[in-house]
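Peer 1: need a 3D model of the following:
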Amino acid sequence: ADLVKSVNDEESSNALVDRLHKLSTEYNAAILVVLHLNPDGGKTRGHLGSQLDRKAESVIQIERKEDICTVVPKYCRNASFNRIPFRQFTWNDEIRCHEYIGERSKEDQDEKQRAECEDILLNLRSHSLIWSRADLRKQISDLVGIQRTASYERINFMLERGMIEEN
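Peer 2: Numbers count the residues shown, from 1 in each chain. Predicted structure coming up:
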């Protein structure tokens, strides 16, 4: 956010994201960007956050509950939506850094992914209640900023759990 006029300034946000993309391509390197979430929820800040979410290869969030930090994959374009483990870390005073302590249970992961799909559905319901599979895939791709395969994974996830039904 320090690299733009304002996180809500469209011109400087787009220019920064374009520059980061070009640098990543030119040097064939990953660029890690840390952007805090809005205080009221899970959305990244401003136009900059939205643009980064749309253009990033992967977006992860760190969730903290008591002393445990969980790395939650939000969007991972080249990985399966419901197969990525949620790795957990905690601070270790003895070694003076965070230490890996294992993975979040599959039930907890499923619940987190269910919540993400519920958010998607809430946003889509304001437009329509009935979609063709192709239109639903496109709407999810546009809304979340993910590729077609990832959209199908979310649709299948929702179908398997009865969140939507196919007719």
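Peer 1: now Asn123: how far from Ile95?
Peer 2: Asn123 sits 43 Å away from Ile95, going by CB to CB, to the nearest Å. (Glycine included, C-beta is placed from N, CA and C.)
Peer 1: more neighbours: these two, which one.
Peer 2: Remark: of Asn123 and Ile95, Asn123 carries more neighbours, 13 against 8, as counted by other CB atoms under 10 Å.
Peer 1: apart from its chain neighbours, what residue comes closest to the most centrally placed residue in the chain?
Peer 2: By CA atoms, centre = their mean, the chain has its centre lying nearest to Lys74, at 2.6 Å. The shortest distance from Lys74 to any non-neighbouring residue, by CB to CB, 6 or more residues apart in numbering, is to Val59 (4.4 Å).
Peer 1: secondary structure class for that neighbour?
Peer 2: Following DSSP: H, G, I helix; E, B strand; the rest coil, Val59 is assigned to strand.
Peer 1: same question for Ile62.
Peer 2: strand.
Peer 1: where along this protein do the helices fall?
Peer 2: Ranges of helices within the chain are 10-27, 46-55, 106-125, 133-140, 148-160, based on DSSP state H.
Peer 1: deepest-packed of those helices, please.
Peer 2: helix 46-55 (a mean of 19; mean count of other CB atoms under 10 Å).
Peer 1: on that earlier part again, do you know which of the helices of the chain lies nearest Glu63?
Peer 2: Closest of these to Glu63 is helix 106-125, at 8.4 Å (criterion: CB to CB).
Peer 1: how far away is the most far-flung residue of the chain relative to its centre from Tyr100?
Peer 2: Largest separation from the mean C-alpha position in the chain: Glu94, at 32.8 Å (CA atoms, centre = their mean). For Glu94, the distance to Tyr100 (CB to CB) stands at 14 Å.
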